[in-house]
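**Student:** Any chance you can model this:
(chains A and B)
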There are 2 protein chains.
Amino acid sequence: MRIAELSEKTGVPVPTIKYYLREGLLPAGELSSPNQAHYNERHVERLRLVRALLDIGRLPIATIRTLLAKLDGPDPDLHNVLGNALKSSVVTREAIDPQAEREIDELIERRGWQVGPKAPARGAAAEVVAALRQLGADDLVALIDDYADAVERIATIDLEFVRHRAYPEAMVHGAVIGTILGDTLLAALRRLAQEHQSAKVFARPF
Amino acid sequence: MRIAELSEKTGVPVPTIKYYLREGLLPAGELSSPNQAHYNERHVERLRLVRALLDIGRLPIATIRTLLAKLDGPDPDLHNVLGNALKSSVVTREAIDPQAEREIDELIERRGWQVGPKAPARGAAAEVVAALRQLGADDLVALIDDYADAVERIATIDLEFVRHRAYPEAMVHGAVIGTILGDTLLAALRRLAQEHQSAKVFARPF
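**Tutor:** Residues are numbered from 1 along each chain as shown, chains lettered A, B, ... in the order given. Below you'll find the model as predicted:
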């Protein structure tokens, strides 16, 4: 199909598709003449994935490019992708609080989690803990093991979902969308469940 | 303190502070002369909150402004803030898939969740479900009740945390940072737990 049809099929405007092509988020079409490229179903699927990671996952373009490169890499190493490739979806900044970092290291040890020493999610978690402490929410940080219980359950569901897929590429694809779109789904479900809990707890005057 | 000291104390550059003042994210200081304003500890706290919502929560400026207005509103209605004010932290777009909306409505009914018919998190959840289906991840959508189980546990912890705070303003403040920063914390913990699960499941060759 031509770019106009690709646009129609996915609802993504042609200039946006051209932008993704320039940014390397979408592989080039097959040239049938010097300025006529043809696209196929793989382009449709990739375009939908890019939109989902952008609109729902709200990932930066550079992060999406890294993730896609891992999806497209030859012979994906499953443990690497599931455990490590998603690293790039965690944004951490330089200066982390050493005390908060220690707290996360201790949490990981307490839970018996096998996690690489350089997992960026360590820094991301430490960053939130440091911010919570600075905002005077030590009472929230005190509950981190309760949250970790619930999160272990979520990670178990995540892995069950991934390992039931039929072949490695589908597993890797599932890990990426399940984690990135899953974060957004979990956040939305959390607000629904909070509203329910809030209605239960605060419905009567106090 | 003067703006320079406010900047030093919080690590936020003076031009950025001035931008937040213009955007209404930070209340004006007290004028001691026509171009000399003084700031106090409340400004320090507010500035830290704004930075956390921006850097860690990655919320848009307009959303933060709405949230802060609710924090500052006189006599916060707890159920409203806990259940409803956080609505503004959910971004939904116009066109939602009616089938996905129905699925979320059915989920809410199945769980017995008391949730307002206009809760924006309904639309946010439906949007993710629609995207997952379009990406061929029906197998992930099939697990939504398992995820809802885990999320109910999280919401219970959230509400326990909030209700143990001493006074309404502190509860509302806790609800906002617990939800927004909590999303980021949960996402980071999820990646750590996934890495652990992935190591357990995929460590052996298959």
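
**Student:** List the buried residues in stretch A:142-156.
**Tutor:** A:L143, A:I144, A:D146, A:Y147, A:A148, A:A150, A:V151, A:E152, A:R153, A:I154, A:A155, A:T156 (16 or more other CB atoms under 10 Å in any protein chain shown). Every C-beta, even on glycine, is put in place using the N, C-alpha and C of the backbone.

**Student:** Pick the one among those closest to chain B.
**Tutor:** Comparing those against chain B with CB to the nearest CB places A:A155 closest, at 3.5 Å.

**Student:** Thought B:H196 was touching the closest one, still the case?
**Tutor:** Yes - in this structure A:A155 lies within contact range of B:H196 using CB atoms under 8 Å: 7.1 Å.

**Student:** for chain A, longest helix please?
**Tutor:** Longest helix of chain A, by residue count under DSSP state H: helix A:168-202.

**Student:** quick one: buried residues of that helix?
**Tutor:** A:171-199, A:201-202.

**Student:** and the helix or strand A:L47 falls within, anywhere near chain B?
**Tutor:** Using DSSP states H and E, A:L47 falls within helix A:41-51. Yes - using CB under 8 Å from any CB of the partner chain, we find that helix A:41-51 touches chain B at A:E45, A:R48, A:L49, A:R51.

**Student:** Look up the closest residue to the residue nearest the centre of chain A, ignoring the ones flanking it.
**Tutor:** For chain A, the residue nearest the mean C-alpha position is A:I180 (2.4 Å; CA atoms, centre = their mean). For A:I180, ignoring the flanking residues on the chain, the nearest one in space by CB to CB, 6 or more residues apart in numbering or on different chains is A:G57 at 3.9 Å.

**Student:** and the one you found, what does it touch?
**Tutor:** The neighbours of A:G57, taking CB atoms under 8 Å, 6 or more residues apart in numbering or on different chains as the test, are A:S89, A:I180, A:L181, A:D183, A:T184.

**Student:** related to what we said a few turns ago, please convert the residues of helix A:41-51 next to chain B to JSON lines, extending it with neighbour count.
**Tutor:** Output for those, formatted as JSON lines (neighbours: other CB atoms under 10 Å in any protein chain shown):
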{"residue": "A:E45", "neighbour count": "15"}
{"residue": "A:R48", "neighbour count": "18"}
{"residue": "A:L49", "neighbour count": "25"}
{"residue": "A:R51", "neighbour count": "20"}
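
**Student:** Could you save these as TSV and add columns showing pLDDT and distance to B:A166?
**Tutor:** Converted to TSV, these look like this (pLDDT from 0 to 100; distance: CB to CB, whole Å):
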residue	pLDDT	distance to B:A166
A:E45	91	53
A:R48	93	48
A:L49	93	47
A:R51	93	45
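
**Student:** Same list as before, the residues you listed that is, but in JSON lines and with distance to B:R165 included.
**Tutor:** Conversion of those to JSON lines gives the following (distance: CB to CB, whole Å):
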{"residue": "A:E45", "distance to B:R165": "47"}
{"residue": "A:R48", "distance to B:R165": "43"}
{"residue": "A:L49", "distance to B:R165": "42"}
{"residue": "A:R51", "distance to B:R165": "40"}
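
**Student:** out of these, which one sits closest to A:P98?
**Tutor:** Checking the residues of helix A:41-51 next to chain B against A:P98 with CB to CB, the nearest one is A:L49 at 38.0 Å.

**Student:** So the closest one sits against B:L135, correct?
**Tutor:** Yes - counting by CB under 8 Å, A:L49 does reach B:L135; the two are 6.2 Å apart.

**Student:** any shared contact partners between those two?
**Tutor:** A:I177.
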